[in-house]
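Q: Structural data only, the sequence is not supplied:
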C-alpha cells in the first residue's frame, strides 16, 4: 500500500506529512487523507512513488 511506503519515507527523512503532500502532489492534506482512507488515482500514486525515488537519490536519505 502506498500509505505504508509514505510512512516509512516520512520516518526515514523526518519530513512532515504536510510538506510531503505539498511537494509530491501540491496537496498538504494528501497524507492525512490517505490515513483517513482516501484511495489515490493510479497516476497520483505513480507521481508520489517517483517523487520519493528522486528525493532519495538527490539526498541519499536511505
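A: Sure thing, it's come through. In this text the structure is predicted, and so the values were computed from the model without any measurement.
Q: How about whichever helix in the chain runs longest, which residues are buried there?
A: In the chain, taking DSSP state H as the definition, the longest helix is helix 42-59. Neighbour-count burial for helix 42-59 flags 44, 48, 51-52, 55 (criterion: 16 or more other C-beta atoms under 10 Å). C-beta: built from backbone N, CA, C; applies to glycine.
Q: ok, those residues vs residue 35, which is closest?
A: residue 48 (14.0 Å; C-beta to C-beta).
Q: need the contact list for that closest one.
A: The neighbourhood of residue 48, defined by C-beta atoms under 8 Å, 6 or more residues apart in numbering, consists of 2, 6, 24-25, 40.
Q: out of those, which are inside helices?
A: Under the assignment DSSP H, the contacts of residue 48 contribute 2, 6, 24-25 to helices.
Q: Would you format the residues you listed as CSV with distance to residue 60 included?
A: Compiled in CSV, the ones in helices among the contacts of residue 48 are given as follows (distance: C-beta to C-beta, whole Å):
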residue, distance to residue 60
2, 23
6, 19
24, 19
25, 23
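Q: Most neighbours among those, please name it.
A: residue 6 (23 neighbours; other C-beta atoms under 10 Å).
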